[in-house]
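In: here is a sequence together with a model predicted from it:
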Amino acid sequence: MYNQFDDNDYWKGVILYGLNQATYKIALGKSLIELTSLNKEIIDWNELSKSFLDNYIERFKNEHLPQQSNSSRITRVEKIYLQLKTGAIDYNKAIELIGLQAFGDVIPRFQTIGTDKTLIGEKFYHFDFGKKLYIHDSLFKIVETDKLNLLSEIDVRWSLLEGAFKINQGDWTLSNDIREMYITSGYERKPLSNNIPFLKGYQGNVCFYCGEHIDDSDIHVDHVLPRQVVRHDEIWNLVLSHSLCNLHKDDFLVGKHYLEKLILRNENIIGSNHPWKKKIAEIVGATKNERVKTTLKHYEDVKVVLNNRYWENSPLYNRKTDPFYKRLITVINNR
């Protein structure tokens, strides 16, 4: 089953479909590419720490954006960087602290796709923690043939994560206080699992984003327009998705084709006898034209808030037509 993936596919799975509550995985991926391109089979821990720190120093050169989703904390790397920047420690001490404090989670967990630690195993490296990291042939092969594209993918993903973290932390200015309007009219998050049976009736056992089958154990209820912006759990904006689709989409902006799909789904509900039809009509509009206009108006407002930060960095991205993802989710579903 796994021979449908090559080494590039597995790397893409790690970088694009690993869970990212911080940017550590992205920074480590960049260091691995840079050090592997120097034909180093064995990387000393101190050398890896230096590369990892240097990548963050370079990243912060123009602007220091948030590096994790939790607005009340900063990462260990940022703490070390700020100590270095203020002169509390020197460069060599900063490298030492990176090796001691920053790698505890990211190096053991890097080779993970979604939440699956067994799908990829130790394809790219193994390590003796605190001492050495040993590069495998599969990483040498992809770096040798595709280094520039790999680095470009990493830079794009890093920028997307920083943008999402910045939005989560509310550190930006909006014209006409659009976000404030949504927050004022919003309310606290509530459990959504009770909506699953209802949504299944209009979506079946398939993911809204990729169209592939969802097992009952893997169903997530997702907000098409990110709840972080709209601040409500109204049914017209809720869909069922794979956990991996939901977690990877995060608070990014989806392409307009997903809004058109959402509008069609809502019209199916309106055409039924389900009590939710009245609720949707009250909130989004009594006629089809009103509902389309209202839904698209919400979408345009969210675009202002998210500053065109699209999922996979493209308004055209459609998971249903992403051949790599369809292969990936098939493997995960059938394991």
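Out: Looks like it arrived, so ask away.
In: pull out the buried residues from stretch 50-63.
Out: Buried residues in stretch 50-63, counting neighbours by 16 or more other C-beta atoms under 10 Å, are found at 50-56, 59-60. In short, each C-beta sits where N, CA and C put it, glycine included.
In: mind saving the C-alpha coords of it as CSV?
Out: The C-alpha coordinates for stretch 50-63 follow below in CSV (Å, rounded to 0.1, in the frame of the first residue of the first chain):
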residue,chain,number,x,y,z
LYS,A,50,23.5,26.5,15.5
SER,A,51,21.7,26.0,12.2
PHE,A,52,18.3,26.0,14.0
LEU,A,53,19.1,29.2,15.9
ASP,A,54,20.5,30.9,12.7
ASN,A,55,17.3,30.2,10.9
TYR,A,56,15.3,32.0,13.6
ILE,A,57,17.7,34.9,13.7
GLU,A,58,17.3,35.3,9.9
ARG,A,59,13.6,35.0,10.2
PHE,A,60,13.4,37.8,12.8
LYS,A,61,15.7,40.1,10.9
ASN,A,62,12.9,42.1,9.3
GLU,A,63,9.9,41.4,11.6
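In: from the chain's centroid, how far away is that stretch?
Out: When distances are taken as C-alpha atoms, centre = their mean, to the nearest Å, stretch 50-63 is centred 21 Å away from the chain's centroid.
In: likewise for stretch 272-287?
Out: Distance of stretch 272-287 from its chain centroid, counting by C-alpha atoms, centre = their mean, is 32 Å.
In: what's the end-to-end length of that stretch?
Out: Its first and final residues considered, stretch 272-287 spans 15 Å by C-alpha to C-alpha, to the nearest Å.
In: average pLDDT across it?
Out: Averaging the model's pLDDT scores along stretch 272-287 yields 88.
In: kindly report the same for stretch 249-257.
Out: In this model, stretch 249-257 has a mean pLDDT of 89.
In: CA-only coordinates of it in PDB, if you can.
Out: As requested, the backbone C-alpha atoms of stretch 249-257 are provided in PDB (Å, rounded to 0.1, in the frame of the first residue of the first chain):
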ATOM      1  CA  LYS A 249      -7.000  24.100   7.300                       C
ATOM      2  CA  ASP A 250      -6.900  25.700  10.700                       C
ATOM      3  CA  ASP A 251      -7.900  29.400  10.600                       C
ATOM      4  CA  PHE A 252      -6.900  30.000   6.900                       C
ATOM      5  CA  LEU A 253      -9.200  31.300   4.200                       C
ATOM      6  CA  VAL A 254     -10.700  28.800   1.900                       C
ATOM      7  CA  GLY A 255     -11.200  29.400  -1.800                       C
ATOM      8  CA  LYS A 256     -14.500  30.800  -3.100                       C
ATOM      9  CA  HIS A 257     -15.400  27.400  -4.600                       C
END
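In: can you give me the buried ones in it?
Out: Of the residues in stretch 249-257, those buried by neighbour count under the rule 16+ other C-beta under 10 Å are 249-255.
In: now, which of the residues you listed sits nearest N92?
Out: Here the nearest of those to N92, counting by C-beta to C-beta, is D250; it sits at 36.7 Å.
In: so the closest one touches R157, yeah?
Out: No. Look at D250 against R157 with C-beta atoms under 8 Å: they stay out of range, at 11.7 Å.
In: quick check, nearest of the buried residues of stretch 50-63 to N318?
Out: R59 (30.0 Å).
In: for the closest one, which non-adjacent residue is closest in space?
Out: Distances taken as C-beta to C-beta, 6 or more residues apart in numbering put W158 closest to R59, at 7.2 Å, once the chain neighbours are dropped.
In: which strand or helix spans that neighbour?
Out: helix 137-168 (DSSP states H and E).
In: how far out from the middle of the chain is that helix?
Out: With C-alpha atoms, centre = their mean as the basis, the distance from the averaged C-alpha position of helix 137-168 to the chain average is 13 Å.
In: may I see the buried residues of that helix?
Out: Here helix 137-168 shows 138-140, 142-143, 146, 150-151, 153-154, 156-158, 160-168 as buried, counting by 16+ other C-beta under 10 Å.
In: same check, this time on stretch 37-51
Out: For stretch 37-51, the neighbour count (16+ other C-beta under 10 Å) marks 40, 43, 45, 47-51 as buried.
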